[in-house]
Structure formats: C-alpha cells, structure tokens
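J.: I would like the atomic coordinates for the input below:
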Amino acid sequence: MASYTAPYETRQSFKLCHGFNCTFRMPVGLDDKSWKNVMKPFKRPAKNAEKEREKMAAAIALIETYTNEQSGLAPDRGKAETFKAGHGQMDCIDEAVNTTRYLRFLDEEGVLVWHEAREPVHRGYIINGIYPHNAGAVREKETRAVYVIDSYYFDNGEEPAVVPLDIWLDNWRPAN
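T.: Numbering: from 1, shown residues only. Reported below is the predicted structural model:
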C-alpha cells in the first residue's frame with residue numbers, strides 16, 4: 001500500500017483516501033489547534049501498552065472527525081457494503097491507508113512509548129474462504145506483538161477496534 005502515500009506528507013498536509021481503493025485523494029491537514037487536541041491524551045505517557053492502544057484509538061477517531069469536516073465529504077459509514085455509496089464512503093483500503101498515516105503521525109510526534117507504527121496488514125484471498133480485508137497496525141516494542149487498528153467496521157469518528165493480529169487474521173469481525 002506504499003503506493004498510496006507520499007514520503008513528504010506531514011500531519012499539516014496530506015491526502016485523505018476515499019471513494020474505494022484510494023481512488024480519490026483529498027488534500028487535508030491538521031492545523032496546530034486540531035493537533036493539540038489530538039495530543040491531549042498523550043500529555044502523560046501511558047502506564048502500559050494497553051492504555052497506549054486505547055489512546056491511539058481515541059486519537060484516530062478524533063483525526064477522522066477533523067479530516068472529514070475539512071474534506072466536506074459525507075460522513076463515512078461503517079463497512080463499505082455497496083460501491084454506490086458515493087465519494088465519501090471508504091473501503092478497507094482507504095481506511096487502512098488513512099489509519100496507517102495517522103499512526104505514523106503519532107509515531108513521528110514521539111508520543112508512542114510502547115508501540116511503533118507499521119505497514120498495513122492484509123487477510124483473506126477468497127480461495128481460502130476469507131474475503132480480503134486490510135487494516136492499519138502497530139507493533140508493541142517490548143513483546144513484538146502486532147495489534148491491528150481496524151476502523152473499517154465503524155462510522156467515521158468512532159474509535160477503531162484494536163485486535164491482536166492472530167485473532168484478526170482468523171476472520172475477526174466486531175460483534176453486532
């Protein structure tokens with residue numbers, strides 16, 4: 001998914017993927033005031049990795065809210081069940097690229113003590129009975145455990161699920 005991002009993107013100026021498969025890329029950015037709000041939970045470092053993952057999920061939800069407001073797109077609804085939903089709807093590729101970008105911004109800011117942003121993860125190949133799906137991810141520095149940050153199943157601005165990679169790879173989906 002590296003082809004969907006540019007190395008020069010910063011939190012002040014980046015492209016929001018939307019419209020399925022990152023077909024459209026809307027210029028957006030997080031100004032200092034917005035970024036300060038995103039950073040509030042990180043003023044005090046998390047006491048442990050689990051608390052840091054909670055803070056990351058809250059930060060991603062807030063960033064989604066800001067970028068959606070800025071873009072002027074209709075709010076993205078959880079799951080991309082139809083390709084007729086319009087330019088504002090995001091499939092799992094859009095969500096994975098955007099979430100990965102947000103995790104990198106947090107990592108670059110130095111607020112992640114227990115984790116590091118990593119490349120998006122993928123599961124499913126249809127032939128194995130699992131529909132393809134993508135999501136952002138982080139790796140815990142101490143244990144090297146990977147956690148998936150999956151925003152696809154939730155409406156824009158809702159906190160994404162944080163799931164251990166092995167569980168997510170086993171076709172994890174949130175409870176209705």
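J.: low-scoring pLDDT stretches of the protein, where are they?
T.: Where the chain drops to pLDDT under 70, the residues are 1-7, 81-87, 127-128, 176.
J.: which helices and strands sit right next to the longest helix anywhere in it?
T.: For the chain, the longest helix by residue count, based on DSSP state H, is helix 49-71. If contacts are counted by 3 or more Cβ pairs under 8 Å, 6 or more residues apart in numbering; DSSP states H and E, helix 49-71 sits against strand 14-18, strand 24-28, helix 32-39, helix 92-109, strand 115-123, strand 133-140, strand 146-150, strand 161-164. In this view, the C-beta of every residue, glycine as well, is placed from N, C-alpha and C.
J.: format the ones you listed as JSON lines; extra columns: mean neighbour count and distance to Y66.
T.: Compiled in JSON lines, the helices and strands packed on helix 49-71 are given as follows (neighbours: other Cβ atoms under 10 Å; distance: least, Cβ to Cβ, whole Å):
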{"stretch": "strand 14-18", "mean neighbour count": "23", "distance to Y66": "10"}
{"stretch": "strand 24-28", "mean neighbour count": "17", "distance to Y66": "8"}
{"stretch": "helix 32-39", "mean neighbour count": "14", "distance to Y66": "5"}
{"stretch": "helix 92-109", "mean neighbour count": "23", "distance to Y66": "10"}
{"stretch": "strand 115-123", "mean neighbour count": "18", "distance to Y66": "19"}
{"stretch": "strand 133-140", "mean neighbour count": "23", "distance to Y66": "17"}
{"stretch": "strand 146-150", "mean neighbour count": "24", "distance to Y66": "17"}
{"stretch": "strand 161-164", "mean neighbour count": "18", "distance to Y66": "20"}
